[in-house]
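Colleague: give me a 3D structure for the following:
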Amino acid sequence: MLAIIFDLDNCLAPSDEPGRGLLEPVFAAIRAANHGHLSGDELEAAFNDCWRYGFDRVAEEHGLSDRMRDAGRLAFAPIEVRVPMRGYGDLHVLPHLGDRRFLVTSGFRRLQESKVRALAIAHLFDEILIDVIDEPGRRGKEGVFADLLVRYRLEPADVIVVGDDPESELAAARRLGLRPVQMVRPGVHPASGPPQVRDLAELQTLLSGA
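Modeller: Numbering: from 1, shown residues only. Predicted coordinates:
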């Protein structure tokens, strides 16, 4: 039995599909809390990365102050997508991939849940799990994956993790002995090591030869 764990942002749907204005309240709050801590260019670099990585990672890598982090978290919490989303044009392939499918996404609960609703894809997965970055007891994607293995009695060799980020879900897959596959959508930088596909059709072809 083949189980596939999918990432969401920049794997099944562009993170900025709802429009770049979606995160402007977050950026405005961080700017207001900056007080000269970062330059304008440094702020813009951090904001650009918010479309690619989780806010916790962005805050760490770009050196946001504690005040800026707190302002960003507060601003993120109520944000949700209120318009329909289509995702990438190959989501119709999803039902034909694997025997079990799981969606594991990191971020703020309200925002990530609203993206799943906007895409209307919940019925395509056995379970949808959110690695919520601002709730206590967070285990990270590796902890979520490990829990799935136990609860569904999955053998690591029979589990494929499909995502774009080599330092997040793909690294967690390797540590657990799962099979990572990088989804290289437009704007995603190919990583050395894992097999790569550009869309779900290529993934289907890859799986047919597995």
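Colleague: for the rest of this, base every contact and every neighbour count on C-alpha atoms.
Modeller: Fine.
Colleague: hey, where'd the helices end up in the protein?
Modeller: 24-32, 40-49, 55-61, 66-76, 109-119, 140-151, 169-176, 200-208 (DSSP state H).
Colleague: in the third one, what's buried?
Modeller: Within helix 55-61, the residues that qualify as buried are 55-56, 58-59, counting by 16 or more other C-alpha atoms under 10 Å.
Colleague: next: the first one.
Modeller: When burial is assessed from 16+ other C-alpha under 10 Å, helix 24-32 yields the following buried residues: 26-27, 29-31.
Colleague: poorly predicted segments of this protein, please.
Modeller: Low-confidence segments of the chain (pLDDT under 70): 210.
Colleague: recalculate using a threshold of 90.
Modeller: Under the criterion pLDDT under 90, the flagged ranges of the chain are 134-139, 192-193, 208-210.
Colleague: got the domain ranges for it?
Modeller: The record's domain parsing of the chain by automatic domain parsing lists 3-15+83-208, 20-76.
Colleague: what's in contact with the longest strand along the chain?
Modeller: In the chain, taking DSSP state E as the definition, the longest strand is strand 100-107. By C-alpha atoms under 8 Å, 6 or more residues apart in numbering, the residues outside strand 100-107 that reach it are 1-9, 54-55, 112, 124-133, 141, 144.
Colleague: for that strand, C-alpha coordinates in PDB please.
Modeller: Backbone C-alpha positions of strand 100-107 (Å, rounded to 0.1, in the frame of the first residue of the first chain) are rendered in PDB as follows:
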ATOM      1  CA  ARG A 100      -3.800   6.800   0.900                       C
ATOM      2  CA  ARG A 101      -3.300  10.500   0.700                       C
ATOM      3  CA  PHE A 102      -2.600  13.000   3.500                       C
ATOM      4  CA  LEU A 103      -2.200  16.700   3.500                       C
ATOM      5  CA  VAL A 104       0.200  18.200   6.000                       C
ATOM      6  CA  THR A 105       0.700  22.000   6.000                       C
ATOM      7  CA  SER A 106       2.500  24.400   8.300                       C
ATOM      8  CA  GLY A 107       1.200  27.800   9.200                       C
END
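Colleague: sweet, I'm off.
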